[in-house]
Structures are given as C-alpha cells and as structure tokens.
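Peer 1: With the sequence up front, the predicted model follows.
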Amino acid sequence: MKTALTIAGSDSCGGAGIQADIKTMTLHGVYAMSAITALTAQNTTGVIGISEVSPEFLGQQLDCVFKDIPPDAVKIGMVSSGGLIEMIADKLKEYNAKNIVVDPVMVASSGAKLISEDAISALKEKLFPLALILTPNIPEAEVLSGIKIKSDEDMIEAARIISDNYHCAVLCKGGHHKNKANDLLYVNGAYRWFKGQPINNPNTHGTGCTLSSAIASNLAKGYDLISSVGRAKDYVTGALAAMLDLGQGSGPLNHAFCIHSE
Ligand SMILES: Nc1ncnc2c1ncn2[C@@H]1O[C@H](COP(=O)(O)OP(=O)(O)O)[C@@H](O)[C@H]1O
Ligand SMILES: Cc1ncc(COP(=O)(O)O)c(N)n1
C-alpha cells in the first residue's frame, strides 16, 4: 500500500485540515499518516481558538513517522509560525522526503487568519524551495506574487512569478475567481488550465485541503504531476457535487461521495 503524510492543523469540525486530508488519502486507497502543527477549535461558521504544538513536539512526530513508515508523498497545510516551518524544513531535508505538496494556507474560508507574518517569510525561504508543487488560492497567490489578480492572464502571471522565484510547479486555484472552477498549473515555464463546471454549492469548507491532499495521494500512487492534478481536480469536483449540507456556515464536502452508503 502506498503511504502519505499530512503535516497540518486539526479542524474540530472535520471538514478541513488534517481531517480532510486523512479522509481524502484514505478514499484514494493510500495509507494516511499525520503530524499535527496546531489544534483549531473551529466549525463551519469560524475559528474560535488555535493552540500550536511546539516545534520540538512537531519534530518528534515527524521522526516517528519517517523512521518507521517513510511516506511516498507529503502534503503540508496550515503551519502558523516560523519555528514550526523551520522544523518541518529541517526534517524533510534530513529524511530526503519526496513528492512534497505545499498548500500555503493563510486564511480559512470563514475569514480567520491562520498564519503569522514571520511564517510567511519562513514559508518562502525554507519550505517553498523543497516543494514539488505549491497550491495557492487567489488571495494567497496575490500575497506571494505581489500582483493583484483580476483576470485569467493575471493568474498565469502570478503563477509564473511564484514558480520562477521558488523553482517549483504552481497550481493557482480559481475558487475565488469569477467562474470558480478553473485552476491554472504553471510548470517548467509552461502553463495548462484545468477547467471545471462551476458547482452552485456554498459548502466549500476544506476544498483547498482536499485538493492538495488528493494531489499528494496521486503522486504517492505513482501518477505524474499533470495526471495527479487532473485526478485531484476530478475528486474535489465529485465531493463538491455530492451537495452535502451540514452546519450553519460554509459546510464540508462529502469525501466519501464515491462510496454508496445505505
Ligand atoms: N463552486 C465551485 N465549483 C467547482 N469547483 C470549485 C468551486 N469552488 C472551488 N472549486 C474548486 O475547489 C478547489 C479549491 O479551490 P479554492 O476554493 O480556490 O481553494 P481554497 O479552499 O484554498 O480557498 C479548486 O480546484 C477549485 O477550482
Ligand atoms: C486546520 C485548517 N487548515 C486549513 C483550513 C483552510 O481550509 P480550506 O481548504 O477551506 O482553505 C482550515 N479552515 N483549517
């Protein structure tokens, strides 16, 4: 069985973060492991508390995983401080981790800030250079590229700037753009659109986490980058199209849409 590790924050309502990642990896038939960066007290209406682990404790979790069951792919999500990011970068280098997908999570869909300013510089300096692919949404791509994104051309330009700066592939996700379903992959100096039909579903809590862990799952299974992105996009579309409607805010996806339950 192929294996994947998520390094991310816990979401108590189960729709984003570690919980979304483990569901996604499991539904891909990949053995899921986790190293938790922070506990969040959150639900579909917002985040009311964040309790970070210490960098040392995150390091212990990573040692336990890498020394025993080395992952075939690694997904990194919410990491809220510079110290945690440095620890992750050190451990990924120490264990020569492969297939690293970094989702530069900055703000929850409910609007809460999930990262500090010092963490943004640490991400850029320490973690991005280790990544195979970064998966920013539009607001994150604006922060990372320094340009405003108003058009498809702006998405291409932002992805190009980020890719050139950090020497990795960049998937600029379109969920916050006009048609909501078109994502732009920039890799090795060329771009390619992954287009979808916009789904009229306000329940998008965890779409980004789900997409990045689906990419990591497919990489773990041996698909190349372009196939992994295409397959991950199809999975998110299916989970969104299942029209699960839970909670009072922007609800979670149905990660198990492909399994029929009675
Ligand atoms: N209404 C929608 N219809 C179809 N796909 C969507 C919709 N909203 C988001 N997506 C898809 O979900 C994925 C996550 O995108 P996005 O919402 O931008 O990320 P994030 O959760 O990080 O903000 C992307 O593949 C995007 O195209
Ligand atoms: C612990 C945690 N990590 C990430 C997100 C972002 O979720 P989204 O996929 O909706 O951008 C979140 N709300 N909580």
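Peer 2: All right, it came through fine. Small disclaimer: the values here were computed from a predicted structure and weren't measured. Numbers count the residues shown, from 1 in each chain. Ligands and ions are numbered 1, 2, ... in the order given.

Peer 1: The stretch 1-150 of the chain: strands as residue ranges?
Peer 2: Under the criterion DSSP state E, counting those that start in this stretch, the stretch 1-150 of the chain contains strands at 3-11, 31-43, 46-52, 73-76, 100-102, 133-134.

Peer 1: Now the worst-scoring helix or strand of the chain on mean pLDDT: buried residues?
Peer 2: Every helix and strand in the chain was compared by mean pLDDT, DSSP states H and E; the lowest is helix 117-122, with a mean of 88. By neighbour count with 16 or more other C-beta atoms under 10 Å, helix 117-122 contains the buried residues Ala119, Ile120, Ala122. C-beta here means a position set from N, CA and C on the backbone, and glycine is covered the same way.

Peer 1: cool, and stretch 25-41?
Peer 2: Buried residues in stretch 25-41, counted by 16+ other C-beta under 10 Å: 25, 27-28, 30, 32-40.

Peer 1: now swap in stretch 190-206 and tell me
Peer 2: Buried-residue list, stretch 190-206, by 16+ other C-beta under 10 Å: Tyr191, Phe194, Gly196, Ile199, Asn201, Asn203, Thr204, His205, Gly206.

Peer 1: Need the residues that contact that stretch.
Peer 2: Residues from elsewhere that reach stretch 190-206 (C-beta atoms under 8 Å, 6 or more residues apart in numbering): 11, 13, 15-17, 20, 44, 109-110, 156, 159-160, 171, 175, 179-185, 226, 229-230, 233, 237, 240-241, 243-247, 249-253.

Peer 1: what's the answer for stretch 107-124, then?
Peer 2: Stretch 107-124 is contacted from outside by 9, 16, 40, 42, 44-47, 50, 78-82, 84-86, 102, 104-106, 139-140, 143-144, 165-166, 204-207, 249-250, using C-beta under 8 Å, 6+ apart.

Peer 1: State the number of residues packed around the closest residue to Met33 other than its chain neighbours.
Peer 2: Excluding its sequence neighbours, the residue lying closest to Met33 (C-beta to C-beta, 6 or more residues apart in numbering) is Leu5, at 4.7 Å. Residues lying near Leu5 (other C-beta atoms under 10 Å) number 28.

Peer 1: so what's Leu5 up against?
Peer 2: By C-beta under 8 Å, 6+ apart, the residues touching Leu5 are Ala32, Met33, Ser34, Ala35, Val65, Pro71, Ala73, Val74, Lys75.

Peer 1: swap in Ser250?
Peer 2: With the criterion set at C-beta under 8 Å, 6+ apart, Ser250 makes contact with Thr44, Ser109, Ser110, Pro202, Asn203, Thr204, His205.

Peer 1: just checking, it is part of a helix?
Peer 2: No. Counting by DSSP: H, G, I helix; E, B strand; the rest coil, Ser250 is not found in a helix; it is coil.

Peer 1: Disregarding residues adjacent in the polypeptide, which is nearest to it?
Peer 2: Among residues not flanking Ser250 along the chain, His205 sits closest, at 4.8 Å (C-beta to C-beta, 6+ apart).

Peer 1: what does the protein put close to ligand 1?
Peer 2: Counting by C-beta under 6 Å from any ligand atom, the chain comes close to ligand 1 at 109, 137, 173-176, 180-181, 183, 196, 198-199, 201, 204, 207-208, 211, 233, 236-237, 240.
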